[in-house]
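*Asks:* could you look at this predicted model? Sequence included:
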Amino acid sequence: MFVMDEAERKGEKPVNQAAQKFELDTTDLDRHMGKPIEQARMIEPLHNNDIRRWVQSVHYPNRIHYDSEYAAQSRWTRLVAPQSFAIICDDGNGAGPASVGRIPESHLLFGGDEWWFFGPRIFGGDHVVVDRIPFDYVVKETKFAGPTCFQRGDNHYLNDRGERIATQRATTLRYSAAAGRAMAEKAIAAASEEPQWTDEQIEALEDRKFQWIKMLHDLGHGKRYWDDVNVGDKLPERVIGPHSLVTLTTEYRAQIQNTWGAMRRRTDLDILALGYVKEMAGKEMDGEMEKVNPELTDGAYIGPSRGHLSNRWARFIGMPRAYGYGISIGAWIIDYFAGWAGEWGMVLHVNSLYRSPSLTGDISIMNGTILGKEIDKQGRKLVRVDCAITNQLGATIATATGEAELPGR
């Protein structure tokens, strides 16, 4: 099963010898670096229901993002999208510029992303565009798939007024699908069955979940003052799950790109030409095929994304069972920091590393700590925070650090 720690990311981890028979051909990548790819464009401006659907799918019950009457009393006087929403204004979850070039017989996982937010927020009626440029890549040996290409690309999100909303530097992991299966054979067999939760355990989980929701209610339209928080303070625990095919499908369907006709599709995208194995290629996101038979372009059914929603295809690429989306993990982290910072705070920067997908049947548990406080050269009152996501067994799903601005007294 795909699990990677920080040492392994730096190439410091011993590699399973079984991986050495697999090779990764990245010779096609160099010609793409630094060259912009086609811009992502939505067909119509955003609707408030796009925002509501998103926060519902990623389990973020902050009323300012879905309750019109409540939002009318806020500093924005209307519904506002969460900062995590920018990601679904793209047609590839930010992975487009981090997946250029052909790597034969490969598969891709989202490995993490780094975000910088510049101030403008997203509202219903906005039309967001994304400029995308491949950044760099490096090949490292890993335990889970042998030679693995860590590829990065930049996504610049702008509104129709020309304002910069955010920049995302996405990281993908591209590896031999055969190596992933070979390396994970024992893990797949051991973890193929979902954990079972009793009614009493589910009820206890709902109580734990509500503690974080109650934090949102308690802060309301108020301010979390920089002066009142201290280094070492713990952020409230946030629990999400148990994950299931139903919850994963809900997350998938909330992404604008996955609605037929919602995006102006790229004309330069050929998934088979990227080197994906035949069984995981198909016509996903193909604009011409969408006009003929859109079901063939729907990643829930055919193509690279179906591994998320099918135990069979998850195992085909080295996962023990259906697994969650990197886009959702990234959103959970941004929302975790933003929900705590409150309406008058703002997340400025987040750097997230994804070490293992969230599997069906598991829960995801988020915990964070205030690492530091400072006033920067611009006079902004900042807190530095971290976050770790673990499952019910204590295995690490993701880690992140971030900076948020809070109001002062």
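*Replies:* Sure, I can see it. Source: prediction; values computed, not measured. Residues are numbered from 1 along each chain as shown.

*Asks:* for the stretch 51-200 of the chain, which segments count as strands?
*Replies:* All strands of the stretch 51-200 of the chain, identified by DSSP state E, counting those that start in this stretch, fall at 106-117, 129-142, 146-158, 164-176.

*Asks:* quick one: which of those is nearest Gly232?
*Replies:* Shortest distance between Gly232 and the strands of the stretch 51-200 of the chain, using C-beta to C-beta, is found for strand 106-117: 24.9 Å. C-beta: built from backbone N, CA, C; applies to glycine.

*Asks:* remind me what the closest one packs against, helices and strands.
*Replies:* strand 164-176, helix 177-183, helix 326-341, strand 346-354 (3 or more C-beta pairs under 8 Å, 6 or more residues apart in numbering; DSSP states H and E).

*Asks:* dump those to CSV, plus mean pLDDT, mean neighbour count and distance to Asp298.
*Replies:* Compiled in CSV, the helices and strands packed on strand 106-117 are given as follows (pLDDT from 0 to 100; neighbours: other C-beta atoms under 10 Å; distance: least, C-beta to C-beta, whole Å):
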stretch, mean pLDDT, mean neighbour count, distance to Asp298
strand 164-176, 95, 24, 21
helix 177-183, 75, 22, 21
helix 326-341, 97, 26, 17
strand 346-354, 97, 21, 24
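
*Asks:* distance to Ile365 added to the ones you listed, as TSV?
*Replies:* As requested, the helices and strands packed on strand 106-117 are arranged in TSV below (distance: least, C-beta to C-beta, whole Å):
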stretch	distance to Ile365
strand 164-176	23
helix 177-183	26
helix 326-341	11
strand 346-354	15
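
*Asks:* how about those, which one is nearest Pro320?
*Replies:* When these are compared by C-beta to C-beta, helix 177-183 sits nearest Pro320, at 11.2 Å.

*Asks:* run the chain-centre distance for the closest one.
*Replies:* Between the mean C-alpha point of helix 177-183 and the mean C-alpha point of its chain there is a distance of 23 Å (C-alpha atoms, centre = their mean, to the nearest Å).

*Asks:* show me what contacts Ala388?
*Replies:* Contacts for Ala388 were tallied using C-beta atoms under 8 Å, 6 or more residues apart in numbering; they are Met366, Asn367, Gly368, Thr396, Ala398, Thr399, Ala400.

*Asks:* got a winner among these for most neighbours?
*Replies:* Neighbour tally across those (other C-beta atoms under 10 Å): the maximum, 27 neighbours, falls on Ala400.
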